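Chemist: Give me coordinates for this.
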Amino acid sequence: MTDHGNAQATSLSGDDPECPRTKPLVACGEIKLAALDNTADWFLLTEITNSLLNELIAYTSRERRRQMKQVEPDLCRVKLLEELFEEVHGINSDPENFKSLGRMKAIIDRYGPKLAAVTDA
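Modeler: Residues are numbered from 1 along each chain as shown. Purely as a prediction, here's the structure:
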């Protein structure tokens, strides 16, 4: 979401009623989070992080299954998908990653572009 007046990414506060519809945009870096200063902001980051990781888990599972159904599956791609699945699943399974705003921001920054790349393809 861009403010076309100045071509800069807009901010999103934790109190924005449009949050459920804008989560993918935040994860892809199209929306910058406003200063996090209340509990609602922590919940917003938790939901975005969880949603992002679950989308990647679902994507890797779907793509691996689709690849394996082919007559000649690309085993290199299957291996990369399995590695990404294990990596993301491990992050999603560790509750420590959801206790720190810094960790959640780092996860969003790292995996948001990956999700954007696979959903745009």
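
Chemist: all helices for the chain, in order.
Modeler: Counting by DSSP state H, the chain has helices at residues 19-27, 39-69, 75-93, 101-120.

Chemist: What angle do helix 75-93 and the last one make with each other?
Modeler: For the pair helix 101-120 and helix 75-93, the angle between their directions (axes from the mean of the first three to the mean of the last three Cα atoms, to 10 degrees) equals 150 degrees.

Chemist: Can you list the buried residues in helix 101-120?
Modeler: 103, 104, 107, 108, 111, 112, 114, 115, 116 (16 or more other Cβ atoms under 10 Å). Any C-beta I mention is one placed from the backbone N, CA and C, and that applies to glycine too.

Chemist: Throw the residues you listed into TSV and include pLDDT, thanks.
Modeler: Listed next are those as TSV, based on pLDDT from 0 to 100:
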residue	pLDDT
103	94
104	95
107	97
108	96
111	96
112	95
114	93
115	93
116	92
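
Chemist: Name the member of the residues you listed with the shortest distance to residue 40.
Modeler: For the buried residues of helix 101-120, the closest approach to residue 40 (Cβ to Cβ) belongs to residue 104, at 14.1 Å.

Chemist: and that closest one, what is it in contact with?
Modeler: Listed by Cβ atoms under 8 Å, 6 or more residues apart in numbering, the contact set of residue 104 reads 45, 46, 48, 49, 97, 98.

Chemist: Name only those of the residues you listed that count as buried.
Modeler: Buried among those (16+ other Cβ under 10 Å): 45, 48, 49, 97, 98.

Chemist: Tabulate those (CSV), appending distance to residue 58 and pLDDT.
Modeler: Listed next are the buried ones among the contacts of residue 104 as CSV, based on distance: Cβ to Cβ, whole Å; pLDDT from 0 to 100:
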residue, distance to residue 58, pLDDT
45, 20, 92
48, 16, 95
49, 15, 96
97, 18, 94
98, 19, 93
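
Chemist: farthest-separated two in those?
Modeler: Across those (Cβ to Cβ), the longest gap, 12.6 Å, separates 48 and 97.
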